[in-house]
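Participant: only geometry, no sequence info:
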């Protein structure tokens, strides 16, 4: 019997870097699909409907990177360090090669994993992403970081960033948040303020304008699927087009009437697109 993401046990593994990582897995078969989470997100911030759809015919693993949620250590202040920590986790659970879905900050980490160790990645999905060094990515707009980056939780602010300003999209956001809250036991630890600060340092460092760094992703030779919502205020869709243009033979899809959390709003369609791509 397949375990749904809501019911999946939180497991732990100690990696060679000495960090204890918290993770959950569901599904079985095929090349493992590993999920890399967004800014301030933990295991409970994945939409169970999306994870269950992705796990219909493959093993799906979500984990807290170093310092996030229930994982140990201190959150690094650079994307490159986050990528090396993620590789330590993959080594610890014995995955020689995986498919990756990187979301937002997780998509930056996914790019770095693929560049650092190309043999570890078979196919790559980059959701709400941008290449390193892109002009205009040096931190997020004040209203965006104000909505998602304050010390106290701001559900209304997160809703406004992750979902478009339409009745349909806002309702989809409320529904998604409800699914994320469905797990009542064994919930993950909340992301700390120290992690928020470190992650935003990493985001800002990644976004320092540097035209030469844009060439780095041209070294990615695995198949890549770049995706975004058409109204994403956090990582604007034009960065998705830029990224897809820089990576040889990348595919791109922009989902309508949606924002940063398009993959939760369009979870059925997104999962089907990922299945077809993988």
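Facilitator: Okay, I see it. Computed from a prediction, not measured in an experiment: that's the story for all the values here.

Participant: how about residue 55, what does it touch?
Facilitator: 2, 5, 26-27, 33 (Cβ atoms under 8 Å, 6 or more residues apart in numbering). All C-beta atoms are positioned from the backbone trio N, CA, C, and that covers glycine.

Participant: is there a quick ChimeraX command that grabs whichever of the residues you listed are buried?
Facilitator: The buried residues among the contacts of residue 55 can be selected in ChimeraX (16 or more other Cβ atoms under 10 Å) with this line:
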select :5,26,27,33
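
Participant: nearest to residue 81, of the contacts of residue 55?
Facilitator: The closest of those to residue 81 turns out to be residue 33 (Cβ to Cβ; 23.4 Å).

Participant: run through the bridge partners of that closest one.
Facilitator: residue 60, residue 99 (DSSP bridges).

Participant: please apply the same query to residue 228.
Facilitator: Beta-bridge partners, per DSSP bridges, of residue 228: residue 254.

Participant: residue contacts, it?
Facilitator: 127-129, 235, 237, 239-240, 254-255, 262.

Participant: farthest pair in those?
Facilitator: 239 and 255 (15.1 Å).

Participant: and the helices in this protein?
Facilitator: All helices of the chain, identified by DSSP state H, fall at 48-54, 79-92, 105-116, 142-148, 155-162, 167-180, 193-206, 237-246, 262-265, 267-277.

Participant: give the other helices and strands that the last one contacts.
Facilitator: Read that as helix 267-277. helix 48-54, strand 121-127, strand 224-229, strand 251-255 (3 or more Cβ pairs under 8 Å, 6 or more residues apart in numbering; DSSP states H and E).

Participant: so for it, what gets flagged as buried?
Facilitator: 267, 270-271, 273-274, 277.

Participant: next: the fifth one.
Facilitator: With burial defined by 16+ other Cβ under 10 Å, the residues of helix 155-162 counted as buried are 157-162.

Participant: output these as JSON lines; include the columns distance to residue 146 and pLDDT.
Facilitator: As requested, these are exported to JSON lines (distance: Cβ to Cβ, whole Å; pLDDT from 0 to 100):
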{"residue": "157", "distance to residue 146": "7", "pLDDT": "96"}
{"residue": "158", "distance to residue 146": "11", "pLDDT": "97"}
{"residue": "159", "distance to residue 146": "14", "pLDDT": "98"}
{"residue": "160", "distance to residue 146": "10", "pLDDT": "97"}
{"residue": "161", "distance to residue 146": "10", "pLDDT": "98"}
{"residue": "162", "distance to residue 146": "14", "pLDDT": "98"}
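
Participant: any low-confidence regions in this structure?
Facilitator: The chain contains residues with pLDDT under 70 at 1.

Participant: what residue is smack in the middle of it?
Facilitator: residue 103 (2.4 Å; Cα atoms, centre = their mean).

Participant: in the sheet, who's paired with that one?
Facilitator: Under the criterion used (DSSP bridges), residue 103 bridges to residue 127.

Participant: wait, what's in contact with the residue nearest to residue 50 when sequence neighbours are not counted?
Facilitator: If the residues on either side of it in the chain are set aside, residue 50 comes closest to residue 267, at 4.0 Å by Cβ to Cβ, 6 or more residues apart in numbering. By Cβ under 8 Å, 6+ apart, the residues touching residue 267 are 47, 49-50, 53, 176.

Participant: buried subset of those as a PyMOL selection?
Facilitator: In PyMOL syntax, the buried subset of the contacts of residue 267 is picked out as below (16+ other Cβ under 10 Å):
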select buried, resi 47+49+50+53+176
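
Participant: isn't the residue nearest to the centre of the chain up against residue 36?
Facilitator: Yes. Applying Cβ atoms under 8 Å, one finds residue 103 in contact with residue 36, separated by 6.5 Å.

Participant: how far off centre is stretch 258-275?
Facilitator: With Cα atoms, centre = their mean, to the nearest Å as the basis, stretch 258-275 stands 13 Å off its chain's centre.
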